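from the sequence below, what's the structure:
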Amino acid sequence: MGKVMFVARRIHTMDPACPVADRVLVSGDGRILAVGTADAMADWGDFDIDNRFADAVLMPGLVEAHAHLMEGAIWQHLYLGHYDRVRPDGQVARGATSMTEVADRLREWAAYHPAGPLIAWGFDPLFIDGPRPTRHDLDAAISDRPVVILHSNMHLLTANTAALELARYGDATDVPGVLKGADGTLHGELHEMGAMFPVMRRVGASFRDLTTSESGLLNFARSAERAGVTTSTDLVADLADDQVELLSRVTAQPDYPVRIVPMLAAHTAPPDQLAKRALSLAGQSHDRLRLGGVKIVTDGSIQGFTAQLRWPGYYRGEDNGFWNIAPEALDTLVAVLHRAGVQMHIHVNGDAASEAAIDAIEKALAAANRPDHRHTLQHCQLADAAQFRRMARLGCCVNLFANHLYYFGDKHFEVTIGPDRAQRMNACRTALNSGVPLAIHSDAPITPLAPLFTAWCAETRKTATGRVLGPQERLTRAEVLQAVTLGAAYTLRLDHEIGSIEVGKRADFTVLDDDPYQIDDLRKVRVRGTVLGGRPSPALA
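Numbers count the residues shown, from 1 in each chain. Below is the predicted model:
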């Protein structure tokens, strides 16, 4: 492919030296040669002119810095979430708003899938009137084979009796996270990985099962392209050799339209072995697959009541705060990975978990100072101003879960943490004002993969009912668009390659029908497609 000049109605570059342009010249190897006007291109010799975007707006390819590849494969299972969702094929999956509807959908799905375990996902008891569903509720719908319903947060599940029996869970089971009812019998709800995985593995619903397939990777690419995403993480992965081979082969295909940045799951090996594996994986990267980072999961989910909160704890509901890794073990793990030069992305939902992660990073830096480490706190939903100041001092980044404000904000206000702390959830303004590099995310499939919607959430802070949570934490239009492009790229250590349209960077663009700086509501922006490394996606060919 020779040099190509793309002409557009307007190009927003995220480069302060040339913030707006109307054409960009791309080299044959997919890098940006020049940005600006026709005069800026004149001395670059012969090139083709591509006018297909002459009526469109280009911006840097959107970067989803916290998502999961299971967004592609999970749609083979039954969706039981509260909100309507768009599938990778563009079809709408209806939400389920009552337990009666959940049971009816399970029976309907069973009729079309007459053999094997039934797996559903997206469910959240907070949106269902009455007590939290038990195994008996699922048994009443289907009792002759295993049924597992993954909650929307992926930190909890509810199973019927047949599924629990596969893991040999019974009334005498004494395993953290295996819930019991008031009468001491199995409830059916399982909290966090140690309790969930024995059931998930046996029904074919482990996170590995939901990630490692070529069809799932292609489905993920469809969702990414529809959302305008050109780079996305898979923010927890086993990354066994066969998984890496599959990822490497599929992402290297010329028409695969998204760069993938997987993070090695910390639970896969002891600290020293984990560090060696991460560094070994980094050497297997190519331009569309970037390896070498590690994901650590500390606590659980706020709406699942398994996040670790500081006093006064949860507003309503039972506090089941859970450490997936104890603070003492976290200190050791962070010290080893930091000393080895491995970048960490650390899941922290509750403010107690944020405190534990910040403490661990501070100790690791005291023992082995390493500038520009960019360790990133992920979600970090309840961090307060003092914690953000510490993050800035330590050189940490943060990736806040802005989508939570819309999808779960009302429930956080009314049930989980109450009105006061809900006002400071996902405190984007405080993060930026404190000097903490910021990204915002969807955590797809927890919420839909749609960075422009995520940007709208951080700009307006509106819940599903229209309530505004913490107007003082709103960002400007320019700031939210920065957070889903260059800001997100910075947290992935890729800001020298992507995130803005500048000479020398990769020619990754999001193609829009509407100008995101001029439209009144970012949710209305229509995504036409993407360009990756100068190659328009198949939908734009």
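
now the helices for the stretch 301-450 of the chain?
Secondary structure of the stretch 301-450 of the chain (DSSP state H, counting those that start in this stretch): helices at 327-340, 351-367, 385-394, 403-407, 409-411, 418-422, 428-434.

element containing residue 139, please.
helix 135-141 (DSSP states H and E).

what does that helix rub up against?
With contact meaning C-beta atoms under 8 Å, 6 or more residues apart in numbering, helix 135-141 is reached by 99, 102-103, 106-107, 147, 149, 158-162, 164, 186-188. Using the backbone N, CA and C atoms, a C-beta is placed for each residue, glycine as well.

tell me which residues of the helix or strand where residue 110 lies are tucked away?
Taking DSSP H and E as the definition, residue 110 sits inside helix 99-112. Using 16 or more other C-beta atoms under 10 Å as the test for burial, helix 99-112 gives 99, 102, 103, 105, 106, 109, 110.

do stretch 11-31 as well
Here stretch 11-31 shows 11-15, 18, 21-27, 30 as buried, counting by 16+ other C-beta under 10 Å.

what does stretch 382-390 give?
Buried residues in stretch 382-390 (16+ other C-beta under 10 Å): 382, 383, 387, 388, 390.

before we move on, what about stretch 391-406?
391-392, 395-406.

switch those residues over to CSV; also include pLDDT and distance to residue 247.
Output for these, formatted as CSV (pLDDT from 0 to 100; distance: C-beta to C-beta, whole Å):
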residue, pLDDT, distance to residue 247
391, 98, 31
392, 98, 34
395, 98, 30
396, 98, 28
397, 98, 24
398, 99, 27
399, 98, 22
400, 98, 27
401, 98, 25
402, 98, 27
403, 98, 25
404, 97, 28
405, 98, 32
406, 98, 31
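
out of those, who's nearest residue 251?
Of all these, residue 251 sits closest to residue 399, with 21.9 Å by C-beta to C-beta.

identify the residues contacting the closest one.
Contacts of residue 399 by C-beta under 8 Å, 6+ apart are 65-66, 345, 376-380, 438-441, 488, 491.

please, which helix or strand holds residue 63?
In the assignment (DSSP H and E), residue 63 maps to strand 62-64.

who are the packing partners of that strand?
Where contact means 3 or more C-beta pairs under 8 Å, 6 or more residues apart in numbering; DSSP states H and E, strand 62-64 is packed against helix 214-227, strand 229-237, helix 451-460, helix 486-491.

check the offset of stretch 293-300 from the chain's centre.
Offset of stretch 293-300 from its chain centre (C-alpha atoms, centre = their mean, to the nearest Å): 13 Å.

residue 91: how many residues sit nearby?
If you count neighbours by other C-beta atoms under 10 Å, residue 91 ends up with 9.

please enumerate residues in contact with the strand holding residue 63?
For strand 62-64, the surrounding residues in contact (C-beta under 8 Å, 6+ apart) are 224, 227-233, 439, 441-442, 444, 449, 451-452, 484-485, 488-489, 492, 494, 498-499, 510.

same deal with stretch 165-182?
With C-beta under 8 Å, 6+ apart as the test, stretch 165-182 has contacts from 134, 146, 164, 184-192, 194-196, 198-199, 202-203, 322.

comparing the helices and strands packed on strand 62-64, which comes out most buried?
strand 229-237 (a mean of 28; mean count of other C-beta atoms under 10 Å).

partner strands of that one, with direction?
Paired with strand 229-237 in the same sheet, following DSSP bridges, are strand 62-64 (parallel), strand 259-265 (parallel).

so where do the strands sit in the stretch 51-200 of the chain?
57-60, 62-64, 78-79, 85-86, 92-93, 118-123, 147-151, 156-159, 178-180, 186-191 (DSSP state E, counting those that start in this stretch).
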